[in-house]
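S.K.: Model the following, please.
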Amino acid sequence: MVTEFILLGFCFDPRIQMLLFGFFSLIYIFTLLGNRIILGLISLVSRLHTPMYFFLSHLAVVDITYACNTVPQLLVNLLNPAKPISFAGCLTQTFLFLGFAHTECLLLVVMSYDLYVTICHPLQYSVIVSWRMCIVLAATSWICGSLLALVHVGLILRLPFCGPHEINHFFCEILSILKLACADTRLNRVVIFAASVFVLVGPLCLVLVSYWRILVAILRVQSGEGRRKAFSTCSSHLCVVGLFFGSAIAMYMAPKSRHPEEQQKVLFLFYSFFNPALNPLIYSLRNAEVKDALRRVLCKERHSSWCDI
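M.R.: Below you'll find the model as predicted:
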């Protein structure tokens, strides 16, 4: 029986792998730094204690944990490709990856609904999006994401693994693990497809409906400047949503013959690596309120440091 796996990662020349190590390390640092800045600002600045930034803080937590779950293993594999990972550690990584991925899908739907109410029903916003509803929506996203991931891992645990023990991926991705099982995995694949419909296709349709209603409301705005700002915000949000949902749907719902294994790894880089780095930039750091709050915090820190001297 298999007690550990070896992640093959990317099979490149050692010099290219060192270049990739440096590049991925920079993206990883930017992901952690950007999301932690957002969390710090939301907790420190009282003006940002609103439902929109409440959901953004949850998205930042998801992105940090998401990156910490997969990227360190990727960096280790680039330096030492033969380093094994235990069976329990591999399944833990799979559970965390799926849980955070499902939670992010649901949070993106909640955030699109929040933006829809903000633009289309501004006078009723405080009534529709109450703090109680915010807590319920955020908790539902986390609970549903964790339960779905638990179902997938539970179905993997019933399978025997008798060899080989090499996973052709840079982390313990569920489809790559199923290829090594010594039993029929049709039930697992049916559940994966059904879960993809629930957390990918359904949420994507809801997001597109929300942004369509937002677009219709924007076209009614008389001010050219206001229309330009709204279009800029929505288009950047849709780019991130399209990148996240598009790559995930291509991975889990498209026929596998269309995507060779090396191409699947590249798709997963967009899905699990670049997206957490883009989220803080698109959703928060381009926001005028966030930039103003960051400027105030930095000025306050500089002033207090000067007083201490």
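S.K.: Remind me what the lengthiest helix in the chain packs against, helices and strands.
M.R.: In the chain, assigned by DSSP state H, the helix with the most residues is helix 87-120. Under the contact criterion of 3 or more CB pairs under 8 Å, 6 or more residues apart in numbering; DSSP states H and E, helix 87-120 touches strand 4-7, helix 51-79, helix 125-128, helix 131-157, helix 174-178, helix 202-219, helix 224-252. Just so you know, the C-beta spots here come from the backbone N, C-alpha and C atoms, and that holds for glycine as well.
S.K.: So which bits of stretch 201-210 are buried?
M.R.: Pro203, Leu204, Leu206, Val207, Ser210 (16 or more other CB atoms under 10 Å).
S.K.: Return the alpha-carbon coordinates of that stretch using CSV.
M.R.: Only the C-alpha atoms of stretch 201-210 are listed here, as CSV (Å, rounded to 0.1, in the frame of the first residue of the first chain):
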residue,chain,number,x,y,z
VAL,A,201,-21.7,26.8,-13.2
GLY,A,202,-24.4,28.0,-10.8
PRO,A,203,-22.4,30.7,-9.2
LEU,A,204,-21.0,31.9,-12.5
CYS,A,205,-24.5,32.3,-13.9
LEU,A,206,-25.5,34.3,-10.8
VAL,A,207,-22.5,36.5,-11.1
LEU,A,208,-23.2,37.2,-14.8
VAL,A,209,-26.8,38.0,-14.0
SER,A,210,-25.7,40.5,-11.3
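S.K.: just to revisit the earlier point, for Asn279, which of the helices and strands packed on helix 87-120 is the nearest?
M.R.: Nearest to Asn279, of all the helices and strands packed on helix 87-120, is helix 51-79, at 5.3 Å by CB to CB.
S.K.: Let me see the mean pLDDT of the closest one.
M.R.: Helix 51-79 carries an average pLDDT of 88.
S.K.: Show me what it is packed up against.
M.R.: Short answer (3+ CB pairs under 8 Å, 6+ apart): helix 51-79 packs on helix 14-44, helix 87-120, helix 131-157, helix 275-279.
S.K.: got the angle between the second one and helix 224-252?
M.R.: Pointing back at helix 87-120 there. 150 degrees (axes from the mean of the first three to the mean of the last three CA atoms, to 10 degrees).
S.K.: buried set for helix 87-120?
M.R.: 87, 90-91, 93-120.
S.K.: any idea how far that helix is from the chain center?
M.R.: From the chain centre to the centre of helix 87-120 is a distance of 6 Å (CA atoms, centre = their mean, to the nearest Å).
S.K.: Show me how far the helix or strand where Leu269 lies is from its chain's centre.
M.R.: Element membership for Leu269, per DSSP states H and E: helix 261-269. Chain-centre distance of helix 261-269: 16 Å, with CA atoms, centre = their mean.
S.K.: I'd like the distance from stretch 80-90 to the chain centre, please.
M.R.: 23 Å.
S.K.: if we look at it, which residues are touching it?
M.R.: For stretch 80-90, contacts defined as CB atoms under 8 Å, 6 or more residues apart in numbering pick out 2-9, 73, 76-77, 93, 161, 167, 172, 177.
S.K.: please redo it, this time with the cut-off set to 7 Å
M.R.: Stretch 80-90 is contacted by residues Val2, Thr3, Glu4, Phe5, Ile6, Leu7, Leu8, Gly9, Val76, Asn77, Cys172 when judged by CB atoms under 7 Å, 6 or more residues apart in numbering.
S.K.: re the thing from before, relative to Lys265, which of the buried residues of stretch 201-210 is nearest.
M.R.: Proximity of the buried residues of stretch 201-210 to Lys265 (CB to CB) peaks at Leu204, which lies at 23.0 Å.
S.K.: And Ala139, how far from Thr103?
M.R.: Distance of Ala139 to Thr103, computed by CB to CB, to the nearest Å: 11 Å.
S.K.: And Arg295, how far from Leu41?
M.R.: Distance of Arg295 to Leu41, computed by CB to CB: 10 Å.
S.K.: Cys299 is nearest to which of the helices and strands packed on helix 51-79?
M.R.: Taking the helices and strands packed on helix 51-79 one by one with CB to CB, helix 14-44 is closest: 13.0 Å.
S.K.: Now do that closest one, average pLDDT.
M.R.: 88.
S.K.: how far off helix 261-269 does it point, in degrees?
M.R.: Using the same axes, to 10 degrees: helix 14-44 against helix 261-269 is 20 degrees.
S.K.: Show me which residues of helix 14-44 are buried.
M.R.: In helix 14-44, counting by 16+ other CB under 10 Å, buried: 17, 20-21, 24, 27-28, 30-32, 34-35, 37-39, 41-42.
S.K.: again with stretch 116-136
M.R.: Within stretch 116-136, the residues that count as buried by 16+ other CB under 10 Å are Tyr116, Val117, Thr118, Ile119, Cys120, Tyr125, Val129, Cys134.
S.K.: list the contacts for the closest residue to the first one other than its chain neighbours?
M.R.: Read that as Tyr116. The shortest distance from Tyr116 to any non-neighbouring residue, by CB to CB, 6 or more residues apart in numbering, is to Ser210 (4.3 Å). Residues near Ser210 by CB under 7 Å, 6+ apart: Ser112, Tyr113, Tyr116.
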